[in-house]
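Visitor: Build me a model from this:
(one chain, ligands or ions: 1)
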Amino acid sequence: MRALLRKMLNRAGDFIDFRVPADGPPPDRFGRFLAWALRGGWPVIWIGITISILSGATEVLSIYLLGAIVDAVDTTEANFLADHAGIIILSVVVLLIVRPLLFGGLAITQSVMIAPNIFSQVLARLFRWTLGQSVTFFDNDFAGRIAQKQVQASTSLTEIVVETVNAITFGLATVLGTAFLLGSISPWMLLVFAGWFASYLGFLAVMLPRIRRRAAARAEAKAMVSGQVVDTISNVKTVKLFAQAQHEDDKALGAMGDLRERALEFGEVQTLFRFGLIFIAGVLPIALVTMAVALRSSGISPGDVAATGAVAIRLAQMTGWISFTLMGIYSHVGEVQDGINTLAPPDRIYDKDQAHALVVPAAAIRFDDVAFSYGRQSGGIDRVSLDIPAGQKLALVGASGAGKSTLVSLLLRIYDPERGKICIDGQDIAEVTQESLRAQIGMVTQDTAMFNRTAFDNIRYGRPDASLDEVIEAAKKAEAHEFIVGLEDHKGRKGYDAYLGERGVKLSGGQRQRIALARVILKDAPILVLDEATSALDSEVEAAIQDTLGRMMDGKTVIAIAHRLSTIAQLDRIVVLNDGRIIEDGSHRALSGMNGAYARFWDRQSGGFLATAEAAE
Ligand code: ADP
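Guide: Coordinates of the predicted model:
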C-alpha cells in the first residue's frame with residue numbers, strides 16, 4: 001500500500017520536468033520574471049488552482065448541507081432518516097469522500113507536484129544564468145551573497161506560488177461560494193457581506209504596505225547588526241592588537257539598539273493589525289446573523305440562520321490565516337524583486353552568433369595593438385603588441401599593477417579588449433566560443449581553492465572523462481600521489497576518495513598547488529598559463545614543483561607571470577611590462593646584460609639580483 005502510494009507520488013512529481021531551460025535572459029520586472037521562471041510549470045499550477053477552488057467550494061457546500069439538515073429537522077414530522085435520506089447521504093459523501101479526496105489532492109499538487117519542481121526549476125534557471133555571468137560580476141559581489149540571493153529568490157517564488165494556490169485561491173473560492181449561498185437566501189444578506197468584504201480589503205490595503213515598510217526597516221537593521229558583528233569577528237586579530245574591544249562593543253551596541261527600535265515599531269504595527277483583524281472578523285457573524293434574524297419574518301428558515309452563522313464564523317476564522325498569508329506573499333515579492341535586482345542585470349561576455357570552436361594545431365599567440373583599462377581612463381594595459389611563436393616559453397615580468405594579470409585575463413577572454421585583437425593560430429579569440437578557447441588553455445595559479453569533492457574528482461576536473469589510472473598518473477607527475485594516498489577525511493574516507501575543500505581535509509598550500517597541477521596536467525592543453533602571483537611556498541616544495549612545471553611545459557606555448565628566478569631561468573623570453581606597456585623584451589641573458597629595467601627591477605626586488613642570477617648559472 002505504501003509502496004503504491006510512493007509510486008503514485010513519484011509519478012505525480014514527474015508531471016513536469018524542472019530541467020527545461022529558460023527562454024532567454026531573466027527579465028528585470030517582477031511580472032515578466034514570474035513568467036520566465038514559471039514557464040513549463042503551468043500545468044501543475046493550474047491543476048493546483050482547480051483543486052483549490054473545488055476544495056474552497058466544499059467548505060461552503062458543507063455549511064449549506066448543515067443548513068439543509070437543520071431545516072429538515074425543523075420540518076420533520078414522522079421518520080427523519082427516511083424522509084431526508086438524500087440530504088443525509090449527500091452530507092456523508094461530501095464529508096467522508098469528496099473532501100478528503102480534494103484536500104489530499106491539494107496536498108499532492110502542493111507538496112509533491114508544485115513546490116519541489118518549481119523550486120528546482122527556478123533555482124536551476126537562475127544558477128545557469130548566473131554561471132554565465134562574467135568574472136567581473138562575481139568580483140563585485142561576495143560569492144556567498146550571490147548564492148544566497150539565488151536560493152532566496154527561488155524559495156520566495158515557490159512560496160508565492162504555493163500560497164497563491166493554497167490560500168488565496170482557496171480563500172477566494174470560499175468568498176465567492178459564501179456570496180452565492182447568502183445571495184440565494186436574500187439579496188440583503190449578500191449586500192451586508194459585500195460591504196463587510198470591501199471594508200476587510202480596505203483594511204488590508206491600508207495595513208499591508210505599512211507592515212511591509214516596517215518589516216523592511218527591521219530587516220535592514222538586522223543586516224547592519226550582522227554586518228557589524230561579522231566585520232568585528234573577521235578582524236578580531238586587529239581588534240585585539242589595537243586594543244579596541246570597547247570601541248567595537250560600542251559600535252555593535254549602537255547597531256543592536258537601532259535594531260531593537262525597528263523591531264518595536266514593527267511589533268506596534270503588527271499588534272494593531274491583529275487587533276483590527278480580529279475586530280473585523282467579529283463584525284461578520286454579528287452583522288450577518290442580525291440581518292438573518294431581522295429577515296426572519298420574510299421567510300428565512302432556521303436552517304438559513306444556522307448556515308449564515310456557520311459560514312460567518314468559518315470566514316471570520318479564515319481572515320486571520322489569509323491575511324497573514326497575504327503578508328507573507330507580500331514580503332516574498334520583495335525578496336524575489338531583490339534577487340532580480342542583483343541577479344538579472346546581464347553582465348556577461350557573449351559568444352558571437354557564428355562563433356566556431358577554436359582549433360589549435362600549433363598554439364602561436366599574437367596580441368595585436370591590444371588596449372584594455374577596465375572601462376576607465378588609465379590602468380590595465382595600453383596598446384600591447386606581442387607575438388609568441390608556437391612552443392615559446394615567455395615570462396611576464398613587472399611591478400605589481402604593471403598589467404600582467406590583465407594581459408592573461410584578456411587571453412582567457414575574461415574581458416574583451418577595448419582595442420585591438422588577440423589571435424591564437426590566426427583565429428581571433430573574439431570569434432570563437434569561450435568554452436573552446438578555455439579548453440585549450442591550462443592555467444596554474446598559486447592559490448587554488450578545492451571543491452568540496454573527493455581528491456579524485458578535484459583532479460578529474462581537468463578532464464571529466466579521465467579514468468582512475470589517468471588521474472593517478474597525473475597525480476604522480478605532479479608529485480601529489482604520495483600524499484593523496486595518505487589522506488583521510490573526518491568521515492574516514494581515504495586516499496583518492498577523501499573529501500577536500502572547506503569541509504574536507506585541510507591541505508597545505510603546497511599540497512593544494514600540487515593537486516591543481518595534476519588537474520592541469522590531466523587537461524593537457526597546448527597553451528599553459530602560469531601565475532606565480534605573490535605566493536610563498538617553502539623551498540623544498542618549490543623545488544619539487546619546479547621540476548614538475550619544467551616537464552609540463554614541454555612542447556607547449558607558455559606564458560608565465562613570474563617572480564622567481566627559478567621559474568624565469570627555465571623560460572626562453574622575458575617581456576617586461578610597466579604601466580601597461582612593454583618596455584623590454586628579450587632573453588634573460590640579453591636583458592640582464594642591458595642593465596635596464598629588468599636588471600634594476602630584480603636588483604631591487606631580490607636584494608642583488610645579479611648575484612643570485614650568477615649563483616644560479
Ligand atoms: P599586475 O598583474 O601586473 O599586478 P594588473 O593587471 O592586475 O597588474 O593591473 C594593471 C592595472 O589595472 C592596475 O593599474 C590596476 O589598478 C588595474 N586593474 C586591475 N584589475 C582591475 C579591475 N578589476 N578593475 C579596475 N582596474 C583594475
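Visitor: who's in contact with the residue nearest the centre of the chain?
Guide: Most central in the chain under CA atoms, centre = their mean is residue 150, positioned 2.3 Å from the mean C-alpha point. Neighbour list for residue 150: 123, 126-127, 130, 339, 343 [criterion: CB atoms under 8 Å, 6 or more residues apart in numbering]. Any C-beta I mention is one placed from the backbone N, CA and C, and that applies to glycine too.
Visitor: what about residue 390, how many residues close to it?
Guide: 17 (other CB atoms under 10 Å).
Visitor: Which pLDDT value belongs to the residue lying closest to it once chain neighbours are set aside?
Guide: Once flanking residues are discounted, residue 390 sits nearest to residue 362: 3.8 Å by CB to CB, 6 or more residues apart in numbering. Listed pLDDT for residue 362 reads 93.
Visitor: Tell me, how many residues neighbour the closest residue to residue 164 other than its chain neighbours?
Guide: With sequence-adjacent residues excluded and distances taken as CB to CB, 6+ apart, residue 164 is closest to residue 329, at 6.9 Å. Neighbour count of residue 329, defined by other CB under 10 Å: 20.
Visitor: again, but for the one 3 residues further on
Guide: Taking other CB under 10 Å as the criterion, the count of residues near residue 332 is 20.
Visitor: just the CA coordinates of whichever strand or helix holds residue 154, formatted as CSV?
Guide: Using DSSP states H and E, residue 154 maps to helix 143-163. Extracted in CSV, the C-alpha atoms of helix 143-163 (Å, rounded to 0.1, in the frame of the first residue of the first chain):
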residue,chain,number,x,y,z
ALA,A,143,30.1,34.6,-3.6
GLY,A,144,28.0,33.9,-0.6
ARG,A,145,25.7,36.7,-1.2
ILE,A,146,25.1,35.7,-4.8
ALA,A,147,24.4,32.1,-3.8
GLN,A,148,22.0,33.3,-1.1
LYS,A,149,20.1,35.5,-3.5
GLN,A,150,19.6,32.6,-5.9
VAL,A,151,18.2,30.4,-3.2
GLN,A,152,16.2,33.2,-1.6
ALA,A,153,14.6,34.2,-4.8
SER,A,154,13.7,30.6,-5.7
THR,A,155,12.4,29.8,-2.2
SER,A,156,10.3,33.0,-2.1
LEU,A,157,8.9,32.5,-5.6
THR,A,158,7.9,28.9,-4.7
GLU,A,159,6.2,30.2,-1.6
ILE,A,160,4.3,32.8,-3.6
VAL,A,161,3.0,30.1,-6.0
VAL,A,162,2.2,27.6,-3.3
GLU,A,163,0.5,30.2,-1.1
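Visitor: Report the mean confidence score over that helix.
Guide: Averaging pLDDT along helix 143-163 yields 89.
Visitor: next SSE after that helix?
Guide: Next element after helix 143-163 (DSSP H and E): helix 169-185.
Visitor: centre of the chain versus the helix or strand following that next one, how much separation?
Guide: On the C-terminal side of helix 169-185, the nearest following helix or strand under DSSP H and E is helix 187-234. Computed by CA atoms, centre = their mean, to the nearest Å, the chain-centroid distance of helix 187-234 equals 26 Å.
Visitor: Write out the residues of this structure neighbouring the ligand.
Guide: 374, 379-380, 398, 400-406 (CB under 6 Å from any ligand atom).
Visitor: repeat that for 5 Å
Guide: When proximity is defined by CB under 5 Å from any ligand atom, the chain lies next to the ligand at 374, 379-380, 400-406.
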